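Q: can you look at this prediction? I've put the sequence above it.
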Amino acid sequence: MNDRAAGSVDDVRVLFVEDDPAVAQMYKLKLELDGYHVEVAPDGELALSMARSEPPDIIFLDIRLPKLGGLEVLEALRADPKTQAVPVVILSSHSEKELVERGARLGALDHLIKSKTTPATLAGGVDGWLKH
C-alpha cells in the first residue's frame, strides 16, 4: 500500500514522448517504479494519435521529434476538445527563450531541461502538475 490518497497513482496514465529510446526508458522505469502507468511514443505523429485515441492524465513532451515537432503536437492537442485539457510538461534539451515562451503560450505547464531533470525529480512533480 502506498501513502497516497484514494484515486491512487496506479490510476494515473502518463504519455512520455521521446525519440531517444535510452532516455525514454530511463524516465519510464522511474515513473513505473513509482506506480504510474507509462506509454512511450517515439515521434510526434504517434504521440498525437495515442493521445487522441485514449487521452492520458499527463504528457511529458520533447520538442525535437521526428515526423511532427513537440510544439506542433502541443498545438494540435490544444485544438482538439478531447485533449485540450490534458496537462503537458515539456521535457527537452532545448531551452531557447522562444521555445519556452511558445510552449507556455500553447499551455505547457512547465519546461524542464533534461540535463537538469532526474527521473526522480520528474516523477516527484507529477502530483503537482496533475492538480493544475
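A: Cool, the structure landed. Computed from a predicted structure; not experimentally measured.
Q: in this structure, which spans are helices?
A: Assigned by DSSP state H, the chain shows helices spanning 21-33, 44-53, 70-79, 97-105, 119-130.
Q: what's the most buried one of those?
A: helix 70-79 (a mean of 20; mean count of other CB atoms under 10 Å). For the C-beta atoms, the positions are set from N, CA and C on the backbone; glycine is no exception.
Q: now what about that one, what contacts it?
A: 17, 44, 47-48, 51, 59, 61-65, 68, 83-84, 86, 88, 90, 92, 99, 102-103, 106-108 (CB atoms under 8 Å, 6 or more residues apart in numbering).
Q: residues touching the residue lying closest to Lys30 once chain neighbours are set aside, list them.
A: Among residues not flanking Lys30 along the chain, Pro119 sits closest, at 3.3 Å (CB to CB, 6 or more residues apart in numbering). Residues in contact with Pro119, defined by CB under 8 Å, 6+ apart, are Met26, Tyr27, Leu29, Lys30, Leu31.
Q: now Pro119: how far from Gly70?
A: 19 Å (CB to CB, to the nearest Å).
Q: the residue nearest to Lys28 when sequence neighbours are not counted bridge partners, please.
A: Leaving aside its sequence neighbours, Lys28 sits nearest to Val38 (CB to CB, 6+ apart; 4.7 Å). On the basis of DSSP bridges, Val38 is bridged to Val14.
Q: mind checking how far Val38 is from Met50?
A: 12 Å.
Q: shared neighbours of these two, anything?
A: Listed as contacting both Val38 and Met50 by CB under 8 Å, 6+ apart are Leu15.
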